[in-house]
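1. Fold the following.
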Amino acid sequence: MKLTDANEAQKTLRKLQQGVAFIRQSESEFSIVALHALLIIASDEGCTVSDVQAKLGVTKAAASRNVHTLGDQDNRRGDLPPMGLISIKVDSADIRRKRLYLTDKGRGFLNGLADIIN
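-> Predicted coordinates for the structure are as follows:
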């Protein structure tokens with residue numbers, strides 16, 4: 001989308017500002033990489049950390065850290081408290097692989113963001 005029409009540009013920028021404010025209000029420690037990871041997981045539920053890593057273009061450690069920050073209490077890692085936006089489940093076919101799914105809180109968060117942007 002190109003912002004060539006001044007009125008449309010202002011409208012779009014206001015929506016983006018409102019979206020960012022919503023994100024900061026909902027989860028004050030939300031990084032852009034974590035948000036990107038959440039959007040990847042939402043668009044491909046059941047994906048793995050490796051899938052997220054490939055799409056983010058970050059190291060496996062960075063992908064894992066962001067996924068666990070998005071996760072629930074049982075999967076806490078790092079300095080930030082878990083957000084509870086995704087559920088991390090062991091793959092029944094391969095216990096080394098973890099599958100990623102949105103929680104109700106994660107769906108609610110993304111629905112709230114979509115309401116602002118749309």
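
2. any idea where the strands of the protein begin and end?
-> Remark: strands assigned in the chain by DSSP state E are 47-48, 86-90, 98-102.

3. List the contacts of the second one.
-> Residues from elsewhere that reach strand 86-90, judged by CB atoms under 8 Å, 6 or more residues apart in numbering: 38, 41, 67-68, 70-72, 75, 97-103, 106. Placement of C-beta: from N, CA and C, glycine included.

4. cool, and the last one?
-> For strand 98-102, contacts defined as CB under 8 Å, 6+ apart pick out 41-42, 45-49, 52, 67, 85-91, 110.

5. how much does that strand deviate in direction from strand 86-90?
-> 150 degrees (axes from the mean of the first three to the mean of the last three CA atoms, to 10 degrees).

6. doesn't R65 make contact with A34?
-> No: look at A34 against R65 with CB atoms under 8 Å: they stay out of range, at 9.0 Å.
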